[in-house]
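1. Below is the sequence, then the predicted model.
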Amino acid sequence: MRCQRYYEVIQVANYFVTGNSYAANAQNCAPMFFRTTKRAIPTVTYPTIGTTSGTIGVTGPTAGYVTQGSVLRTYATTEWFAIYNSTGDGYSGMTAGGVCQIYSYGYNDIKVESEL
């Protein structure tokens, strides 16, 4: 087993984090906290984006599909990370000022690494 200060795998399923869509094509999600403080700001790797088994994707305020973009971005500290996307990332169908969620189609892993 690797030290969690350097590496962590977060298994997700179903609706695993909620956020706010600040435009019809952009969102910010609430922070997800690491099990332990990382030694440095980590790199966070997500599963493939989509709406089929083995992927994760953004849903709109009624938990319905939105048009999925090409990337999920990360803002991270040594304590937590948040998922977001920008207006140019290809998403559409969200409601400005509405709720959005990230949904995992099946069990998927988010990988967190802060190796030297």
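-> On my side now, so go ahead.
2. So which residues of the chain form helices?
-> Taking DSSP state H as the criterion, the chain contains no helices.
3. Can you pull out the low-pLDDT segments for it?
-> Within the chain, the segments meeting pLDDT under 70 span 1, 116.
4. where do the strands sit along the chain?
-> Here the chain has its strands, by DSSP state E, at 7-23, 26-29, 32-33, 43-45, 56-59, 73-76, 80-85, 98-113.
5. so which of those gets nearest residue 67?
-> Of all the strands of the chain, strand 56-59 sits nearest to residue 67, with 9.1 Å by C-beta to C-beta. (Glycine included, C-beta is placed from N, CA and C.)
6. Dump the strands of the chain to TSV, plus distance to residue 65 and mean neighbour count.
-> Compiled in TSV, the strands of the chain are given as follows (distance: least, C-beta to C-beta, whole Å; neighbours: other C-beta atoms under 10 Å):
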stretch	distance to residue 65	mean neighbour count
strand 7-23	13	16
strand 26-29	14	21
strand 32-33	22	14
strand 43-45	23	16
strand 56-59	6	23
strand 73-76	20	16
strand 80-85	15	20
strand 98-113	9	18
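7. can you put those in CSV and add distance to residue 92?
-> Listed next are the strands of the chain as CSV, based on distance: least, C-beta to C-beta, whole Å:
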stretch, distance to residue 92
strand 7-23, 10
strand 26-29, 10
strand 32-33, 25
strand 43-45, 24
strand 56-59, 10
strand 73-76, 17
strand 80-85, 11
strand 98-113, 12
